[in-house]
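Enquirer: Fold the following.
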Amino acid sequence: MSRCVRDTGAEAFRGSTALRPRRLAHPAHRAFTLIEVLVVVAIIALLLAVLIPSLTRAREQSKNTVCMSNLRQFAYGFQFYGQDYRLNPPPNRVKPSRSGPYYGTPPDYRDSDWWYYRHMVPKYLAPEKLTATSSAFFGVFACPGDAKQAGRSYSMNIFAGNFPMDPPDNTATPYSNGRPFNPYSVKMGYRYMVLVESFADNEDSKNRGVFGTDYVVGLSGPTYSKYKDDVDFGKHRGRANFLLGDLHVESWGKDRVSQRNATDPGKRASSLRIWWSPEDDQWNVALPE
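Expert: Numbering: from 1, shown residues only. Predicted coordinates for the structure are as follows:
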């Protein structure tokens, strides 16, 4: 009898809800709705639409800053070169005039040696690569806005410091539409172009796969053809960088330095704000200042 009572008590103890441990209540797991996912995606897309153009502009501005810094380095190179060679600029044509002050200088001058050859301006700078012809490539010679294989991005103004060639070579002289100037002594040097960004589309004959600009810009023809064909305004959102005769650097758009020809809208002429030659005003007499 007493055993039955004990069993009944134990059974009652096990069945008591008051003494049974309670289970913790967990909230039900709920997935995102389609609308919530779409809202998040829309917010992310909006942020990207705002940020990506800003990042792109910042990256392009960074490239332009590096490019302008390169030209400032060239300004030092030209300055040191002038100090060493009696204020004579480096050659930019084959066979300068034998009667002119540049013939035979510097002492290691050779025909077809341009301003970017190792013993010219580059000896004051730090090129990353020299070809078999001693041409300097990459480093300060290359704009980061050019293609990766482009090793030289700048060309010298054909009128900046050279003289017409002696007969019989003068049939090839490019100065029929202008006369040269010495960037170290020209008046109002801030108006004259010395170096400018050009098209790096010439493959080096001794270094296949590496491209650079031509040695000069403005080989022939009136100014509109030079601005149209020689100066590259495409790398920096419609702008190009210029090293001027007083050795400072400017970044200008095409409309800042040239304008459409009044008689032929398909052509462009110098705005006379930056000059290729002292005779720019004669080439553009029909155009306003």
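
Enquirer: switch to C-alpha atoms for all contacts and neighbour counts from now on
Expert: Fine.

Enquirer: show me where the protein has strands.
Expert: Per DSSP state E, the chain carries strands over the ranges 129-130, 136-137, 150-152, 154-157, 193-197, 202-203, 211-212, 216-217, 239-244, 249-253, 258-260, 268-270.

Enquirer: Figure out which of those strands is closest to residue 179.
Expert: strand 154-157 (11.6 Å; C-alpha to C-alpha).

Enquirer: helices and strands around the closest one, which ones?
Expert: Strand 154-157 is packed against strand 193-197, strand 216-217, with contacts defined by 3 or more C-alpha pairs under 8 Å, 6 or more residues apart in numbering; DSSP states H and E.

Enquirer: Identify the residues contacting it?
Expert: 92, 115, 141-142, 193-198, 213-218, 276 (C-alpha atoms under 8 Å, 6 or more residues apart in numbering).

Enquirer: Can you list the strands that that strand pairs with?
Expert: Strand 154-157 has its sheet partners listed here by DSSP bridges as strand 193-197 (antiparallel), strand 216-217 (parallel).

Enquirer: looking at those, which is closest to residue 237?
Expert: Nearest to residue 237, of these and by C-alpha to C-alpha, is strand 193-197 at 13.3 Å.

Enquirer: pLDDT (mean, whole number) over that closest one?
Expert: The average pLDDT within strand 193-197 is 93.

Enquirer: how about the helices in this protein?
Expert: Here the chain has its helices, by DSSP state H, at 2-15, 34-84, 223-229, 254-257, 280-283.

Enquirer: count of residues packed around residue 43?
Expert: Residues near residue 43, counting by other C-alpha atoms under 10 Å, number 12.

Enquirer: Quickly note the distance from residue 86 to residue 185.
Expert: 11 Å (C-alpha to C-alpha, to the nearest Å).

Enquirer: Equivalent analysis for residue 250, please.
Expert: Going from residue 250 to residue 185 by C-alpha to C-alpha gives 20 Å.

Enquirer: before we move on, what about residue 139?
Expert: Using C-alpha to C-alpha, residue 139 is found at 29 Å from residue 185.

Enquirer: And those two? Which one has more around it.
Expert: Set side by side, residue 139 and residue 185 show more neighbours around residue 139, with 16 against 13, by other C-alpha under 10 Å.

Enquirer: Quick check: the more buried one vs residue 195, distance?
Expert: According to C-alpha to C-alpha, residue 139 and residue 195 sit 16 Å apart.
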